[in-house]
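Asks: sequence and predicted model, in that order:
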Amino acid sequence: MSESNQNTLLMKTLNWAAIAFLVYLVLVAVGSVSGGFKLASGGTQGAQEIFAFATNPFVALLLGALATALVQSSSTVTSVIVGLVAGGLPLSIAIPMVMGANIGTTITNTLVSIGHIRSKEEFQRAFAASTVHDFFNLLAVAIFLPLEIMFGLLQKMSASLSHLFVGDADLSLKSYNFIKPLVKPAVGLIKDAFSFLDTKMLGVAMVLAGIGLILFAVTALGKLLKKALVGKAKNILHGAIGRGPIAGITSGAAMTVMVQSSSTTTSLMIPLAGSGVFTTRQIYPFTLGANIGTTITALLAATSITGPMAEVALTIALVHVMFNVFAVALIYGTPVLREIPITLAEKLAKVGANNKSAALGYVLGSFFIVPGLIMLAVR
């Protein structure tokens, strides 16, 4: 083997080792958030008091959307939510927050479309391809949040599934959990680092440290995975979009699982739409697949939770999965509903192309100003 090949192999090995380490950091971070939240809140009762302002599901929804828009990563926010649920955050609050995270994550590819703003035609195509994701997620929430509030379907189905894995059965995954002994020492180090604080402040410090670790790990993980897989991902993208909706959804989900970032997946499509290689209608199914693929991070985070709250942590992760799968099946599977996001995106893109300030106002208003003001008003 030549020296250049050896160096290439070494770099690939180091890259994948770094990826494995960052996955471990995500698990540690979620454990830190969970443990810290328990200390800070004094258990489930304290958690309910802390989140009393968000007992309105609509406020919880906006909180999830705003948090995700600010950090530009639904993977980060849903991982934090899993940790908070394990620490006592009620599922009735967590479920709308997860739905909100789906809305907030679409800002990244909308911002990418702004890069085409110098050309009216390119910007109109790119803006339509990016905002179709916004309108799909808004429609999904408009359908499933009222159903969840009235009947609790997602929570009940997810709770039943999670019980199969971490319930009382002797053959459940709980019996074979190897995550806790791997994560516990690192979480202990974080706790020891702030041991000079009183109990509540120690809990707050652990939560903040965990969130910081999640932000760092998820961001770095996305970059390393993109470096390792972006060539293959681009090939999947070009090869799948033109093959029909099933291939588009499947490849969008697979690619997002690989890079653990729906923002990365959907952002890759925007320049292709702007240049006219693909239409909004062709890219639409790929975007929906990205919605499904991004749920892998919350599932991964849930595996770090053990003990009495393991089942409820897995429940919220499965809610994320079911919400996205059912939304794709219902909305894309129903011709009338399927056309709504495309129609609205194309109309908004036409307005935005003719009035650039309106496009900027849409981004700032929809993701930051309106959610923030409504939350303040409701509180």
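Replies: Okay, I see it. Everything quoted here is computed from the prediction, not taken from an experiment. Numbering: from 1, shown residues only.

Asks: and stretch 287-300, what's buried?
Replies: 287-298, 300 (16 or more other CB atoms under 10 Å). Every C-beta, even on glycine, is put in place using the N, C-alpha and C of the backbone.

Asks: same question, stretch 367-379
Replies: F367, F368, P371, M375.

Asks: now swap in stretch 298-307 and tell me
Replies: Applying 16+ other CB under 10 Å to stretch 298-307 flags A298, L300, A301, A302, T303, S304, I305, T306 as buried.

Asks: can you check stretch 275-285 too?
Replies: F278, T280, Q282, I283, Y284, P285.

Asks: closest to F216 out of those?
Replies: I283 (30.7 Å; CB to CB).

Asks: quick one, what contacts the closest one?
Replies: I283 makes contacts with A129, V132, I241, G248, M269, L272, A273, as judged by CB atoms under 8 Å, 6 or more residues apart in numbering.

Asks: ok, back up a step: inside helices: which ones of the buried residues of stretch 367-379?
Replies: Within these, residues falling in helices by DSSP state H are P371, M375.

Asks: between the buried residues of stretch 367-379, which is closest to A193?
Replies: Looking across those and measuring by CB to CB, the closest to A193 is M375, at 32.7 Å.

Asks: for that closest one, give its distance to T108.
Replies: 22 Å (CB to CB, to the nearest Å).

Asks: could you pull out the helices in the stretch 101-250 of the chain for me?
Replies: Assigned by DSSP state H, counting those that start in this stretch, the helices in the stretch 101-250 of the chain fall at 107-113, 120-151, 153-166, 179-193, 199-240, 245-259.

Asks: as CSV, these with mean pLDDT, mean neighbour count and distance to E346 would be great.
Replies: Putting the helices of the stretch 101-250 of the chain into CSV (pLDDT from 0 to 100; neighbours: other CB atoms under 10 Å; distance: least, CB to CB, whole Å) gives the following:
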stretch, mean pLDDT, mean neighbour count, distance to E346
helix 107-113, 79, 23, 13
helix 120-151, 94, 21, 5
helix 153-166, 89, 18, 30
helix 179-193, 82, 15, 46
helix 199-240, 72, 18, 22
helix 245-259, 84, 22, 18
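
Asks: wait, which of these is closest to L27?
Replies: Among the helices of the stretch 101-250 of the chain, helix 179-193 sits nearest to L27 (CB to CB), with 5.1 Å.

Asks: now do the same contact list for V319.
Replies: Contact partners of V319, counting by CB under 8 Å, 6+ apart, are L91, A94, I95, V98, L154, Q155, S158.

Asks: which strand or helix spans it?
Replies: helix 310-327 (DSSP states H and E).

Asks: not counting its neighbours along the chain, what's nearest V26?
Replies: Among residues not flanking V26 along the chain, A217 sits closest, at 4.8 Å (CB to CB, 6 or more residues apart in numbering).

Asks: list the contacts of that neighbour.
Replies: Per CB under 8 Å, 6+ apart, neighbours of A217: L22, V23, L25, V26, A29.

Asks: which among these end up buried?
Replies: Looks like those have L22, L25, V26, A29 buried, using 16+ other CB under 10 Å.

Asks: pLDDT-wise, what's the bottom of those?
Replies: By pLDDT, V26 ranks lowest within the buried ones among the contacts of A217, coming in at 73.

Asks: okay, the angle between the helix or strand where it lies and helix 310-327?
Replies: V26 belongs to helix 3-41 when assigned by DSSP H and E. Comparing the axes of helix 3-41 and helix 310-327 via axes from the mean of the first three to the mean of the last three CA atoms, to 10 degrees yields an angle of 110 degrees.

Asks: start at 431 instead
Replies: Got it, the first residue is 431 from now on, which makes the last one we talked about helix 433-471.

Asks: distance from helix 433-471 to the middle of the chain?
Replies: Counting by CA atoms, centre = their mean, to the nearest Å, helix 433-471 is centred 18 Å from the centre of its parent chain.

Asks: pick out whichever of the buried residues of stretch 705-715 sits closest to A639.
Replies: Distances from A639 to the buried residues of stretch 705-715, taken by CB to CB, are shortest for I713, at 38.7 Å.

Asks: would you mind putting the CA coordinates of the helix or strand hosting the closest one into PDB?
Replies: Take DSSP H and E as the rule and I713 turns out to sit in helix 710-723. Once non-C-alpha atoms are left out, helix 710-723 reads as follows in PDB (Å, rounded to 0.1, in the frame of the first residue of the first chain):
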ATOM      1  CA  THR A 710     -40.400  21.900  -5.900                       C
ATOM      2  CA  ARG A 711     -42.700  19.000  -6.600                       C
ATOM      3  CA  GLN A 712     -39.800  16.600  -7.200                       C
ATOM      4  CA  ILE A 713     -37.900  17.700  -4.100                       C
ATOM      5  CA  TYR A 714     -41.000  17.600  -1.900                       C
ATOM      6  CA  PRO A 715     -40.900  13.800  -1.100                       C
ATOM      7  CA  PHE A 716     -37.200  13.900  -0.300                       C
ATOM      8  CA  THR A 717     -37.900  16.700   2.300                       C
ATOM      9  CA  LEU A 718     -40.600  14.400   3.900                       C
ATOM     10  CA  GLY A 719     -38.100  11.600   4.100                       C
ATOM     11  CA  ALA A 720     -35.700  14.000   5.900                       C
ATOM     12  CA  ASN A 721     -38.400  14.600   8.500                       C
ATOM     13  CA  ILE A 722     -38.600  10.900   9.300                       C
ATOM     14  CA  GLY A 723     -34.800  10.400   9.300                       C
END
